[in-house]
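Novice: Here you go, sequence then predicted model.
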Amino acid sequence: MRSRAVPARAAAAKTAPATSRARRGEPWGLVSVGGAAGSYLARMNSFLAHLGPVKSSSFQVASRLSNALRHGYPVSYYANLELCPLIFIFEPEHSLDRVLRDVAAQMPVHRTMVVLCECTRDSLASNPLRAAGARIASLNQVEQSRDKLFVAEGDPHTLKALERLMDREKRKLVAMPPGAKPMFLAGVQLAKYLPLPMIAASVESLRAAGLPRAEAARLTAATPSARRAPGGGRGRSRGHSRALGRARWPRAEGPRP
């Protein structure tokens with residue numbers, strides 16, 4: 001169900017490009033059932049300082065989420081996010097499709113920057129927001145990085161906004177080409193679960209996803225599988241990372257940075 005129409009002045013503000021509204025300091029929106037409260041978003045002061053409307057499965061859940069974050073304010077309708085130039089969606093996979101349908105149905109999203117957080121799909125996946133003209137990007141934390149390294153792919157305007165956020169937070173963001181996310185996820189899985197002969201494939205999958213060789217080697221060397229492998233261990237992780245970075249493994253097909 002759509003909420004009441006916004007006032008004429010607010011409607012006029014909506015016609016300005018999302019990038020311009022972001023530069024003017026318009027508040028950002030958050031859609032989450034609650035997982036965002038324990039995520040890296042809750043530890044990013046620059047994100048929290050920009051946070052405005054928070055939408056969840058109910059007003060009560062949105063209120064609890066904004067209280068947990070100590071920023072933002074709860075709203076009842078997706079349409080309350082209409083003036084946000086940048087919207088973060090932090091939803092589990094099983095409910096993401098429904099949320100994307102509801103957002104597209106209840107508010108105009110043409111040229112609105114939307115970030116899909118911690119999902120397996122990439123920005124090219126077919127969904128109602130993309131069909132409606134939203135500028136979609138996906139954002140994933142690299143698990144072994146302790147909130148220091150992130151990967152993103154998608155619309156260049158949205159990637160620029162994420163780069164500015166990460167710069168302010170002193171965290172590194174690696175931008176992947178659209179469609180490269182499956183290679184990144186494959187590389188992460190190879191690094192986590194497979195023995196040394198597959199660690200090389202993990203490095204190449206991460207490189208094919210857009211990570212520089214040094215970052216791919218560092219991420220792979222930090223995983224439990226790499227530390228258990230011959231030459232690994234707590235005292236040798238740095239040397240192991242350098243060795244992986246110098247090695248000339250068979251190259252995987254895919255884009256290079």
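Specialist: Here it is on my side, so go on.

Novice: When you work out contacts or count neighbours from here on, use the C-alpha atoms and nothing else.
Specialist: OK.

Novice: Which parts of the stretch 1-150 of the chain are strands?
Specialist: For the stretch 1-150 of the chain, strands defined by DSSP state E, counting those that start in this stretch occupy the ranges 28-32, 51-55, 73-74, 86-90, 113-117, 135-141, 149-154.

Novice: want to try CSV for those, with distance to Ala221, mean pLDDT and mean neighbour count as columns?
Specialist: Formatted as CSV, those follow (distance: least, CA to CA, whole Å; pLDDT from 0 to 100; neighbours: other CA atoms under 10 Å):
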stretch, distance to Ala221, mean pLDDT, mean neighbour count
strand 28-32, 33, 98, 24
strand 51-55, 36, 98, 26
strand 73-74, 41, 98, 21
strand 86-90, 29, 98, 25
strand 113-117, 25, 97, 25
strand 135-141, 17, 95, 23
strand 149-154, 15, 93, 23
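
Novice: Dump these to CSV, plus distance to Gly210.
Specialist: Conversion of these to CSV gives the following (distance: least, CA to CA, whole Å):
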stretch, distance to Gly210
strand 28-32, 27
strand 51-55, 30
strand 73-74, 36
strand 86-90, 23
strand 113-117, 18
strand 135-141, 13
strand 149-154, 9
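
Novice: looking at the ones you listed, which is closest to Arg64?
Specialist: strand 73-74 (8.4 Å; CA to CA).

Novice: residue nearest the centroid of the chain?
Specialist: Note on the chain: the residue nearest the mean C-alpha position is Leu139, at 1.4 Å, using CA atoms, centre = their mean.

Novice: Tyr73 versus that residue, what's the distance?
Specialist: Using CA to CA, to the nearest Å, Leu139 is found at 23 Å from Tyr73.

Novice: The residue nearest to the centre of the chain reaches Cys117, doesn't it?
Specialist: Yes - the pair Leu139 / Cys117 is scored as a contact, 4.9 Å apart, by CA atoms under 8 Å.

Novice: quick one: contacts for Gly29?
Specialist: Contact analysis of Gly29 by CA atoms under 8 Å, 6 or more residues apart in numbering lists 51-55, 81, 84, 86-88.

Novice: Before I go, just wanted to say thanks for your time.
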